[in-house]
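Trainee: below: sequence and its predicted model.
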Amino acid sequence: VVEATTHDRPAEKLGQIGVTAKSVIAVGSGKGGVGKSTIAASIAFGLRNAGCKVGLMDADVYGPSVPHLLGVNERPTAIDQRLQPIEAAGLRVMSMGFMVPAEEAVVWRGPMLHGAVTQMLRDTDWGDLDYLIIDMPPGTGDVALTLSQLLPLTGAVVVCTPQDVALLDAVKAIAMFRKVKIPLLGVVENMSTFVCPDCGSQHAIFGTGGAQRKAKELGAPFLGAAPINVDLRKRGDDGQMAGLYDDPAMAAPLMEITRGVV
Ligand code: ADP
């Protein structure tokens, strides 16, 4: 069991908004499409495999992809006016996608985002959790600000690809978390290399090592790198993320990232 103690913050404040978790971790990125939700889900599954009780809250209003990645088709029900998270593959899952039609959310301004995130956090019956992992919307400070006001967050993980332009966005995301005083747990490099499944040769499609260099430059911990993996992409498309850790080649870098985070 991975003990949720390393970055613990006072639990009383969590209790005030009805969340009982030993540790709350936000996963963010400077822009969309870098694999933020994939890494958030893989951290959640890594912790589940280690015997922890884990909630996964998909706060990405602009592209709530967690239900799709996990193959969740149901909608949460309410008991005593509290939303019951969907139990999916051993995780307790809530998503903005359950609450708002996608075409409405894209035009939301800060106060609406604030209301929706507060509601999802407060009105959900999370039960006792060891970890709550929050998949953030990319590139906006609004939700980070809301969370920093509502919760004693343990910290944030920033996901980026090794490309120079993606790194620039990641630097902005890091600055944003620092500004709202959410501790930075570190940086994950996703899609770092591609290993040819036929011949085993490695190809640095988006470059490699950029996130690690940038993290060092900024004095941020580097939490690990996940290669481009066709099977990972297929699992996401097919809603089969729950089996991420079944394949040892895919599992090794993801588990290293999970260990880095906790
Ligand atoms: P974000 O949350 O940053 O928008 P997602 O996690 O939804 O990004 O990922 C975007 C797409 O890239 C998805 O189709 C996902 O399956 C795929 N993907 C993410 N990481 C990898 C990876 N390491 N290898 C292959 N495909 C990946």
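Mentor: Perfect, I can see it now.
Trainee: give me the contacts around the strand or helix carrying residue 176.
Mentor: Per DSSP states H and E, residue 176 falls inside helix 164-179. Identification of contacts with helix 164-179 by C-beta atoms under 8 Å, 6 or more residues apart in numbering yields 26, 28-31, 34, 138-139, 141, 144, 156, 158-160, 183-184, 187, 206-207, 210-211, 214, 218, 220. (Each C-beta comes from the backbone N, C-alpha and C, glycine too.)
Trainee: kindly recompute the last result at 6 Å.
Mentor: Helix 164-179 has contacts (C-beta atoms under 6 Å, 6 or more residues apart in numbering) with 28-31, 141, 144, 156, 158, 160, 184, 210, 214.
Trainee: so in that sheet, which strands flank the helix or strand just after it, and in what orientation?
Mentor: Downstream of helix 164-179, the first helix or strand assigned by DSSP H and E is strand 184-195. Strands adjacent to strand 184-195 in the sheet, as given by DSSP bridges, are strand 155-160 (parallel), strand 202-203 (antiparallel), strand 222-228 (parallel).
Trainee: so which of these gets nearest the ligand?
Mentor: Smallest distance to the ligand across the strands paired with strand 184-195 (C-beta to the nearest ligand atom): 4.2 Å, for strand 222-228.
Trainee: just how off-centre is that closest one within its chain?
Mentor: 14 Å (C-alpha atoms, centre = their mean, to the nearest Å).
Trainee: from residue 250, how far off is the closest residue to residue 197 other than its chain neighbours?
Mentor: Counting by C-beta to C-beta, 6 or more residues apart in numbering, residue 197 lies nearest to residue 230, which is 6.8 Å off, once chain neighbours are set aside. According to C-beta to C-beta, to the nearest Å, residue 230 stands 10 Å off from residue 250.
Trainee: those two - which one has more neighbours?
Mentor: When neighbours are counted by other C-beta atoms under 10 Å, residue 230 and residue 250 differ, and residue 250 comes out ahead with 19 against 10.
Trainee: help me confirm that that one is found in a strand?
Mentor: No: under DSSP: H, G, I helix; E, B strand; the rest coil, residue 250 sits outside any strand and is assigned helix.
Trainee: once you drop chain neighbours, what's closest to residue 31?
Mentor: Spatial nearest neighbour of residue 31, excluding adjacent residues (C-beta to C-beta, 6+ apart): residue 169 at 4.5 Å.
Trainee: what do you get for residue 235?
Mentor: Nearest residue to residue 235 in three dimensions, chain neighbours excluded: residue 241, at 5.3 Å (C-beta to C-beta, 6+ apart).
Trainee: tell me how many other residues surround the one you found.
Mentor: So residue 241, with other C-beta under 10 Å, has 24 neighbours.
Trainee: mind listing what it touches?
Mentor: With C-beta under 6 Å, 6+ apart as the criterion, the residues that contact residue 241 are 41, 69-70, 235.
Trainee: so for the protein, the centremost residue is which one?
Mentor: With distances taken as C-alpha atoms, centre = their mean, residue 40 lies nearest the centre of the chain, 2.9 Å away.
Trainee: give me the below-cutoff pLDDT ranges for this protein.
Mentor: 1-16, 102, 105 (pLDDT under 70).
Trainee: up against the ligand, what does it have?
Mentor: 29, 32-38, 63, 65, 190-191, 226, 228-229, 232-233, 236 (C-beta under 6 Å from any ligand atom).
Trainee: all strands of this structure, in order?
Mentor: Counting by DSSP state E, the chain has strands at residues 20-28, 54-58, 78-79, 82-83, 86-88, 91-95, 128-135, 155-160, 184-195, 202-203, 222-228.
Trainee: thinking again about what came up before, narrow the residues of the chain next to the ligand to those in helices?
Mentor: In this view, the residues of the chain next to the ligand that belong to helices under DSSP state H are 36-38, 232-233, 236.
Trainee: and the furthest pair within those?
Mentor: Farthest pair in those (C-beta to C-beta) is 36 and 233. Separation: 14.5 Å.
Trainee: pick out whichever of the two has more residues nearby.
Mentor: The residue with more neighbours, out of residue 36 and residue 233, is residue 36; 28 against 13, by other C-beta under 10 Å.
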